[in-house]
Each structure stands twice: as C-alpha cells, then as structure tokens.
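In: The sequence and its predicted three-dimensional model are supplied below.
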Amino acid sequence: MEYDFRAIEQRWQTRWNETEAYKVTEDPSREKFYVLDMFPYPSGAGLHVGHPLGYIASDVFARYKRHQGYNVLHPMGYDSFGLPAEQYAIQTGQHPAITTEANVARYREQLDQLGFCYDWSREVRTSDPKYYRWTQWIFAELFESWYDVDADRARPISELTDALNANGLTGVHAASDGLWWKGLPDGAYPWGSDFDGQLTAEQWMQCDAAAQSHILMQFRLAYLADSEVNWCPALGTVLANDEVKDGLSERGGHPVVRKRMRQWIMRISAFSQRLIDDLDGLDWTDSIKEAQRNWIGRSEGASVHFGVEGHSDHTIEVFTTRPDTIYGVSFMVLAPEHELVEVLTSADHREAVTEYQQAAAMKSERERQGAGDHEVSGCFTGGYALHPLTGEKIPVWIADYVLAGYGTGAIMAVPAGDERDWKFAKAYDLPIPGIFDGIDTDQAVYTEKNAALRHSCEFDGLDSQTAIPKAIAYLESKGVGRGQINYRLRDAVFSRQRYWGEPFPICYVDDLPQLIRDEQVTLPPVDAYLPTEDGDPPLARAQQGDWNVNRGDRMEYNTMPGWAGSSWYFLRYMDPHNDQAFCARDKSDYWGQVDLYVGGAEHTTGHLLYSRFWTKFLHDRGWIGFHEPFKRMVNQGMILGRSNFVYRVQGTDQFVTFEKRKEYTTQRLHVDINLVQSDKLDVEAFRAWRPEYAHAEFILNEDGEYLCGHEVEKMSKSKFNVQTPDDLVEHYGADTLRCYEMFLGPLTQHKPWDTQGISGVHNFLRKLHRLFAQAGGDAHAKDEHHRILHKTIKKVSDDLDRHAFNTVISALMIGVNELLDAQAQNAAAIRPLAVLASPVAPHLAEELWSLSGANGSVLDQPWPAHEEKWLVSDEITYPVSFNGKVRFQLPVAADLDAKAVESLALQHEKAQQHLEGKTVRKVIVVPGRIVNIVVG
RNA sequence: GCGGGUGUGGUGAAAUUGGUAGACACGCUGGAUUUAGGAUCCAGUGCCGCGAGGCGUGUGGGUUCGAGUCCCUCCACCCGCACCA
C-alpha cells in the first residue's frame, strides 16, 4: 500500500473539523499549558516557507504537551490593523477592512493545509470592533489611572483626587514629568512663579474644573501632552522610535523629521525599574533580555545644580554618572533647545547662538546623530554658570552632542574623563583640568575608573568607585545635588495620524478630552484615507453623521498605534467572546501566563516592552493575577532564501552564463527561482517572464546551458527567491513539510532554505507508513523490537523537552530504519511509534494509529513512557584508547567491575602490540564509557 | 565603540554532565534493476596515504589520563544598540 498523503491528510483534517478535535475549555481538574505564536500581520503576499517554522515548532510542542495530559491552549489570530492595508486603501480607495478580510482568508487557507492544532473558535483580530472595544477599554483604564511611586503600582485616578482633596500632593509621589506644572496651559492657577510643584489641598480646591482636569492630566498613565515626535510627511503620520531606521521610516524608507505635536502618551517610564527587575525571572535568551535592558537604559549617578551668573533665580540641573569628577568641570553644554539658552545668551553672542539653534532644528534626526561620524560643533552662549562647590565661573556652550531628550538636556563637561567632552575641548581650545593622578589627559582622554583623583579637594587620592558615593553624599550635604537614577526609556507616543487603527473613546469639550465609556466608538467611514487639507488625520474627514457616537465639540481624530492591540491579545484568547470584560478573571486565573511563546527575534523589543507594561498595569489594577505575560520564549531563526542571478552584458539584450560572466562587463540581476532548476535557467520561460526580456539572447556554456549564479539572502518578493509552502504541500504533503522544516536544523538558528533535502524526509514518512502497512496482529514481537522502540521513546521525549526538534526527526528516522531492518511486524508492539510521530506528522500518525487496529484518535493517547529494562543491555563495548587515541573495541559483560575491565583490556592481544617496549603508567576506566591506557 | 550570538565534511547538521568527532539526511561516486527516469535497492563517501599509519571541530596557547565541549589570546562573520552625559 502506497503512502497516499493527499487522501490521508484530507481524511484526517475533515475528521478533526467534524469532531472539533482542537477545541479546548477550562478544566480545573487538569493542569494547563499555554503555547502561543506571535500572531501575524496578514499581508497580501501570503505565507512563505519561513513563516510556518515557528508555527510548526509550537504546534509540535502543543501536541506533545497534550499527549502528556495537559490542557493545552494553542490559539491563533491576526494583528490586522496596520499600514499596508491603509496604503493599499489610499491607492485604490478600497476599504482596508476588505483587503484585510481577503488576506486573512488567504492566511487561513494556508495555515489550515498545514494541519495545525489551533482552537480556531478562539481566533482574534485586532481590527474587529468586538476586540478593539477592549483595547479602547484598557486605554480608558490607563487614562483613569496614575502611578504611585511609593507603592510602586498603578492606582485609580479617583484615589489621587481623594488625596489631593485631603492633603494636596503632600506625602504623595505620583509619577509625572519632573516639572509637571510647566506642562499646564497658561491660565489661572492659584500660585505664583516660584511654585515648586508642592501643590497644597487649598491650591487644588481653588482650581476650577478645567484647571483640575489639566493638573490630573499631568499624572494620568495615558495623558495628552505636546511632545517632539518622529513625523513622517510622506506617510502623514507619527512613527515610534523603533519604526525609524537611520532617519527613514522602516516601512517605505521615507524621510522622518522632528515635530512638536499634541499627542496621547503612555507613561511607561513609571514602570522602568520593574521592567528591568522582572527580567530575571523570565526564561528568555540573554540577547533579548539585554535588548530590553538597553532600551530601558538605566544609569546611576547624580543630579547636580549649577548656579547661573547674574541670574540667581535660575539653576542649571545636570545629570552625571561621574559626580566624583566634578572638580574637573571646565565648561558646560546645553542642548540647543534647552530653555535656559535664552537666559544665558549674552547680547554679543545672540546672533551666533540663534543661528546655531536654527541650524540644529533644520537638521533631521538622521543628520544630527550622523551615521557614525560624530563631528564636533557648538557655540558659546557668552553666559557663565557657577560651580556649586568652588563658585568658579564656568563658560556655558550649546552643542548638538547634548540631547534635549535625555537627562536634563544639559551636562557638566569634564574633558579629562569623557570622550565627547575631551573632543569638544580640543576642538574649541577649552582647558582640560588634569584630575587623575599620574595621567596626562592633555594627550588622551581617561575614561577608566582606576586612577586616583587629584586636584579634587575632599576626593583626592580616591578611585572612582570609592569617590562616587562620597561625592553624592557631599553634594547632598551642600544642598546642590542628590543621587539619581536615570532611564533612557521615554514615555511612548500613543497617537497615530492614520485611519486603520483603533479610534480613541474620546471626544473634546472646550479642548478638554472626555472619555466615552457607555458606548463603543467604532471607525467611521471616510471618503479618502489621507490627511485633510488642513493636515488633520483621516478621521477628521468623517462627517458628523458618519460617527456612530458623536459627542462634544469634536471627536478624537487620531487612532492608536499598532502595538495597542498586540499588547494584550494573549489575554483575549482566554476568553475571546466575552462582551462584559476583556477577559474574565477566572479565565485568566486558569490559563495564566504564556508557558511558551514562539516568534522571531526581529522587531520584538518594542512589542515585549509594551506588552509587559500593559500586563503589569492590568495586574496592578487587579484585572489579572500575574505581572509578566510570557514566562518562556523561543525565537526561531530566519529561513533564508536562495536567490538566483542572471548576468546581462552591459547595454545589450545579451545574457551570459555564470562561467563566462567575467569575460564581459555585466550587470547582475535577480531572476525568479521558479525559472531555474539546479541553477540552470529555462531560457524560454525567462523570455516569457517579463516583456523587457522577450528578445533576450543567451551566451551559453559548453554544455549548451545557461547557468545562473546564486546567493543566500533574506527571502523577499523583490529578490524573487520566495518559496511558498503551497507547492511543497501539494507535492509532498503537510506532514513532510512539517518534518522537513523541523529537520532543517536547530529552531533558533538562521538557515538557508534548500528543497533538495526534502526527499529524504518524505522517504522517511513513506518508510514509516510501510512499517505499519505491513504489520499484522499475529506477528511475533522480538526483544530487539522493544529495545529499538523504547530507545526511540526516550530519545524523542528528551529532545522534545529541550526543543531539539531537528533531532526528534533524526531519532524517529533511526527508529524506523532499525525496526524495518529488524522486521518488526507486530502491530501492537509498534503502535506507540504512532504517538511519537503524532506531534510532527499528525495526519500520518492518525492513519498509522488506525492501521494498527487501534480505536479512537491518536490525539487522545497518553505519551508513551520508556521502560528502563529495555534500555539496559547485558554487554558493553568499551573503546580502548592509548594516550587518548582509540585503538580497538572491547566487548565485555555489563556487570563487570572496573578492575576486571582494566585487566581484560591489558590482556587483549591488540593491547599487547601497543604496549610493546613501553610501560603502563596509568589506566583509566570510566564505567560504561571508555578505557584509556597511559603509556610512556 | 558597546552588548549578544555563531564558526565542525562538498551541503544542512549531530555529539544533552569533558569520554569512540561527523549520528541523521542531502549531494556525490560505483553497482543492481529498469524502455527511460528527477523511481527503487545495495555499497562507498572528513582529509592525506597503495598500505600501515598520520592529520583533523576558525587561530595560537593552557588545564586534563582524555577537550568540539573548560580557561586565556587573536581572527572572521551575523544580529541588536549606538553622541545616553
């Protein structure tokens, strides 16, 4: 009987659908296991062979856990809001929902043919109003929350209002921008210009409702503020930092400039320390954890206040990680945007300063940060700061290299100990006070921390490690500074000027945002998906009657960013149809954290950070019982494509074969891999491929063939090297593709895609099928068959436990080969093999299970346990080595002790040859492993 | 520059705690069968050597009876971050 994979796969997929084999429900009597894939954005291109790699791995693991008796949650859905559908809508006028629907259908078809064990009844789509209703709800909860720094958790805003009514801000540490009152609009507030943020209850009560609302806005976790954003004129939208690469938009590669806009912002910075600390408990790779830490960018140091000469009402606050070097300060630098530049600039420097500021503002982020070459530029303000310890006058400069967005936007420059300060001092001929004993900092900067300090008064003779805490204490005692921890992580801009995203449940009354909580706001239809002529986002095009809810003076026109919906989707799978809550607490208590999260490592830093942030928030507010979403994560490597090239002779229609390309001046062009077989080009197909090649002529090799060049690179449409799973499933079946992708190599490694090897895996499945097809009930099962089977059970189980899917396939191949050689024909005896194969080849496994005469579905079978008695053998073959080089094999009884093995080894005739004329210095016998004889 | 990772046959790779390096596959070579094959089966296949044997896990060193595995040095490549005070 042949292995008819088409019939088999069809039959069992139908059966699974009929029996709802993969539907799961909460069952407190069983332990749960949650296996999650990073859900895809349904792009128009469909899946290529790289996409399913992670899905297959997680599917294999989910099935394995199911066999082990776990109640396995393994859902799938779509991150279906996004830019490509919107761009397509702009070009064609087609509503993005239609495009998305079509793409989702295509994805589903491709996923279905691979036989995944997803519980599709739990499917989610972020663009479905029934889903984004709850994304909006979480936003609303964030809006209605503040961060209590002392309790280190988020709390309802009503509790802050209560505190303000009672005691003002006294005794309350609410996370905010440090100078929160500066963010208030101009208006009547019951305090003067010397207000320092210590709001009293009286002051709070004197504010009218609007003023109070503005004050509360400074503390909400989702708040409105003017902020400098990455504005992409071509896309008409704001981009997150991780959507900008080298000053260009990641999607489309359009220029990005900085612009101040009123935006919704998420106060993720309040969670910085927890986002760092909680990494320790996660089973993620070091590189992913390190990327999280880098992104958050904690640094310890001190904030120090410098006086301003002639302006006793101002101080310049700086952040430094090296307060010990404070006596080495010879100048200060402010970011060009720093608010004190106005104050400090003297009349004779005003023109130059203004010019420098303008030049800096004109530059894009890209030019300012420069692609590697950090040119020194700056401008003296003419103003002076006063050293907080010596009272010395210190010139104040402005320069590009100080960033407005980090720290306080100002630094104390210590050229002796900081590379950038040193370069700046050299460029502008500023003094470099030597503060390190025995080190000539005129010649080179010294950034290490080992040297003793000098010319530093109370810190003289100390190394940095010792001096830093002393310096902080000293600054504190003088009232000019304090220890401080700084984070690079900035609050996340949450507004996008796009159509295809979640609308905010917000309207404005007198420019004050009002939450809409009693009714869901859904996306209104618009006549075009572009900004308005006034530059408002596309939603501003909606007419009054187009909104299903229309309140206040106007609705919010922005939509939420892509990461909104993807930050909590793992929770919705637990309770996907709940219309009373985003997820019932008893459901999230049962399913809990994701036990295994599988996805690519690319672009995940932001996703993980935001998802962890929202999880912590929902936990703080008591909506869920855990504070990290993904306990364990595995990042699959990228599958690379193998591209083919043709070589066009410059300026002609002639194409020269790979071997002769050097004889001409040629242009290397990607050619569709479907026109190439084993690097040989089908020249007729090539002519037919594109009109410009219709008259192509070919310079062939000796064999009369056109040979293409090749290279391994990322799979992409533009490189014509995309392999879709569809052809392979058609040709070999889903089980073969599944096994092959697993067999390719370690899951986490990048690897080139090469279909040549697929026949080997297909062959294995055919042999497996043959093994069961020829087995009968009355054949005799020999001990050897049991030994092979139990060895395989152990190996496959161990390898699955450690996610070594490639060797799972190898182990099964070995088992099948050996059982065929040993003529194992007893159906009952080989039956457990069907269960072993079930995670990787589920369709065939069902077929084998039924071929072996068993009832029911293989899915419901417990995972076989190996029996130790079949693994022990009564004979062991020792490799015997001399000085570490193996010379012969020595079979002995397994229960022989080391001494006896040693003497047998030494007596062996081959041993005698190697011992001739030499003395035995030592004999090492490692029981069960090896014998090593040291001679000399 | 900083951080993370990877270097093993012609190719993808295996070797889980230091114990026979190259399992399992692909490819290749030879053979059988076949009208033919990109089908099937058998044998061979790390390199050098007729052979005995020697050499082999990016480089150089170290620890050890024994190193792909542990330590140090250097090299190459990939990924991430990057004027972060």
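Out: Everything's here; your move.

In: tell me the contacts of the residue in the stretch 651-800 of chain A that RNA strand B sits nearest to?
Out: Checking the stretch 651-800 of chain A residue by residue against RNA strand B with Cβ to the nearest atom of the strand singles out residue A:760 as nearest, at 2.2 Å. (Each C-beta comes from the backbone N, C-alpha and C, glycine too.) When contacts are counted by Cβ atoms under 8 Å, 6 or more residues apart in numbering, residue A:760 touches no other residue.

In: so which helix or strand takes in it?
Out: helix A:758-773 (DSSP states H and E).

In: tell me what the following helix or strand past that helix is packed against?
Out: Past helix A:758-773, further along toward the C-terminus, the next helix or strand under DSSP H and E is helix A:783-801. With contacts defined as 3 or more Cβ pairs under 8 Å, 6 or more residues apart in numbering; DSSP states H and E, helix A:783-801 has these neighbours: helix A:52-67, helix A:805-821, helix A:827-830, helix A:832-837.

In: Pick out the shakiest of those, pLDDT-wise.
Out: When the helices and strands packed on helix A:783-801 are compared by mean pLDDT, helix A:827-830 comes last with a mean of 89.

In: For that one, give me every contacting residue.
Out: Helix A:827-830 is contacted by residues A:771-772, A:775-777, A:779, A:781, A:785-786, A:789, A:819, A:824, A:851-853 when judged by Cβ under 8 Å, 6+ apart.

In: Taking these, tell me the two that lie furthest apart.
Out: When those are compared pair by pair using Cβ to Cβ, the two farthest from each other are A:786 and A:851, 19.9 Å apart.

In: and whichever residue of the stretch 51-200 of chain A sits closest to RNA strand B, what is it in contact with?
Out: Going by Cβ to the nearest atom of the strand, RNA strand B is nearest to residue A:53 of the stretch 51-200 of chain A, at 12.2 Å. Applying Cβ under 8 Å, 6+ apart, one finds that residue A:53 lies in contact with A:636-637, A:639, A:741, A:747.

In: who wins for neighbours among the residues you listed?
Out: residue A:741 (32 neighbours; other Cβ atoms under 10 Å).

In: could the helices and strands packed on helix A:783-801 go into CSV alongside distance to residue A:462?
Out: Formatted as CSV, the entries for the helices and strands packed on helix A:783-801 read as follows, by distance: least, Cβ to Cβ, whole Å:
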stretch, distance to residue A:462
helix A:52-67, 53
helix A:805-821, 55
helix A:827-830, 75
helix A:832-837, 65
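
In: The residue nearest to residue A:877 when sequence neighbours are not counted and RNA strand B, how far apart?
Out: Take residue A:877 and drop its neighbours on the chain: the residue closest to it by Cβ to Cβ, 6 or more residues apart in numbering is residue A:891, 4.6 Å away. Residue A:891 is 10 Å from RNA strand B, where distance means Cβ to the nearest atom of the strand, to the nearest Å.

In: Give the helix, strand or coil label for residue A:891.
Out: strand (DSSP: H, G, I helix; E, B strand; the rest coil).

In: Residue A:560 versus the residue minimising distance to the centre of chain A, what's the distance?
Out: Against the mean C-alpha coordinate of chain A, by Cα atoms, centre = their mean, the closest residue is residue A:604 at 1.4 Å. Spatial separation of residue A:604 from residue A:560 under the definition Cβ to Cβ, to the nearest Å is 19 Å.

In: likewise residue A:220?
Out: Applying Cβ to Cβ, the value for residue A:220 to residue A:560 is 16 Å.

In: Please apply the same query to residue A:660.
Out: Separation of residue A:660 from residue A:560 (Cβ to Cβ) stands at 57 Å.

In: Who are the contact partners of residue A:430?
Out: Under the criterion of Cβ under 8 Å, 6+ apart, the contact list for residue A:430 reads A:330-331, A:395, A:413, A:415, A:424.

In: same thing but at 6 Å, please
Out: Listed by Cβ atoms under 6 Å, 6 or more residues apart in numbering, the contact set of residue A:430 reads A:330-331.
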